[in-house]
Structure formats: C-alpha cells, structure tokens
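> No letters, just coordinates:
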C-alpha cells in the first residue's frame, strides 16, 4: 500500500508536466506513468527516411510504367485489343511525365524532411533525448520526495543520479 500523498507535490508535478496542445504529454494521463521514448513515438528510434541517390531514376521508371497499355491479340488471326490505363495519374504520366516526376520528388522531399529537415534531425533528436532524461530525473525526484515506490522499468542511471559521459578517445 502506498503512502498518502499531499496535494502540494502533485501541483508541482502538474506544473512540471504541462505541455502545449501540439506536443503529446510524456506522462500518461490515465496511468500517471511516464512514457519511455519508444512509447512517445514508435518511430523515435526508427531509421529516418533518407532518399536513395537514385530516387529520381526510380520515380522516372515508375512514371514510365504507368503509361504502358495492356495489349492483346497480337498473334496471327486475332483481333488486336488495347487497354489503356484509366486512372488520372496514368493519364498525367502519359501527357506530362516530367511534371509527375517533379511532383513525386517534391513529395519524397517532404517525407524526408518530416518531422524536421535532415540537417536539423540529429540536433533535434539529441535535444529530445536530453528532455526525456530531464523529465525522468524530475519524476524520480518527485517519487523520492513523496516516498512512493519506484516503477519497475526506471533506468539505473536515473535511480543512481548519474550521467553517462563519453570518455575522450585516444589519438591514433
């Protein structure tokens, strides 16, 4: 059984946990538990979309393939049948292939720069990891101050109150 908690530390915790409407809360409002970075965003550790060097060529091949009709009856004595693609994007590929390739490239670049541009991505990830670390430490301080039990998955460096530092490398 956990010890009763006075409302004062909880108000402090609520102020610490405040967030904007654009950002999801790091604390689950139902269970009251902090979310780990994998729970916050499943794609947090996923490989970001970085377009392949030959992506324009791939887009061009795709657009070229859209314009191919289905042809039948080419043997002797058969009636020639041609079925053209009926979709709007296939018609656009037939009439203006370069415009469609450019539009595909614009969409590929948009995806590659979501949620932030490639050059800013590493810096933003480092900032977010620091924020998650700060929030985990804040949660631990609240847990210690209120005398409640720690959760089972709390990282050891948080419990011990230490920060990992990279050792300087030796010059070769």
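That came in fine, so what should we check first? Note that this is a predicted model, so its numbers are computed, not measured. Numbers count the residues shown, from 1 in each chain.
> distance between the ends of stretch 78-86?
24 Å (C-alpha to C-alpha, to the nearest Å).
> Contacts for it next, please.
The contact list for stretch 78-86 (C-beta atoms under 8 Å, 6 or more residues apart in numbering) reads 66, 67, 68, 69, 70, 71, 72, 73, 74, 90, 91, 94. The way it works is simple: take the backbone N, C-alpha and C, and place the C-beta from them, glycine included.
> which one of the residues you listed is nearest residue 122?
residue 66 (36.5 Å; C-beta to C-beta).
> Excluding chain neighbours, what is closest to the closest one?
residue 93 (3.9 Å; C-beta to C-beta, 6 or more residues apart in numbering).
> Which parts of the protein are helices?
7-16, 37-40, 55-66, 88-95, 97-112, 118-146, 156-160 (DSSP state H).
> mind showing which ranges of the protein have poor pLDDT?
The model of the chain has pLDDT under 70 over residues 1-48, 166-167, 169-172.
> change it to 50
1-2, 4-25, 29-30, 42-45, 172 (pLDDT under 50).
> Residue ranges of each domain in it, please.
Here the domain parsing of the chain from automatic domain parsing is 7-48+116-160, 55-112.
> which among the contacts of stretch 78-86 end up buried?
66, 67, 90, 94 (16 or more other C-beta atoms under 10 Å).
> Can you tell me which of the residues you listed lies closest to residue 114?
Distances from residue 114 to the buried ones among the contacts of stretch 78-86, taken by C-beta to C-beta, are shortest for residue 66, at 25.3 Å.
> wait, isn't that closest one in contact with residue 95?
No. Using C-beta atoms under 8 Å, residue 66 is not in contact with residue 95, being 11.2 Å away.
> still on that earlier bit, would you format the contacts of stretch 78-86 as CSV with distance to residue 116 included?
Shown next, in CSV, are those (distance: C-beta to C-beta, whole Å):
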residue, distance to residue 116
66, 32
67, 36
68, 38
69, 43
70, 43
71, 47
72, 50
73, 54
74, 52
90, 34
91, 36
94, 37
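> Closest one to residue 120 out of those, please.
residue 66 (34.4 Å).
> residues contacting the closest one?
85, 87, 89, 90, 93, 94, 100.
> I'd like the helices of the chain as JSON lines, with distance to residue 79 appended.
Output for these, formatted as JSON lines (distance: least, C-beta to C-beta, whole Å):
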{"stretch": "helix 7-16", "distance to residue 79": "77"}
{"stretch": "helix 37-40", "distance to residue 79": "60"}
{"stretch": "helix 55-66", "distance to residue 79": "26"}
{"stretch": "helix 88-95", "distance to residue 79": "24"}
{"stretch": "helix 97-112", "distance to residue 79": "30"}
{"stretch": "helix 118-146", "distance to residue 79": "54"}
{"stretch": "helix 156-160", "distance to residue 79": "76"}
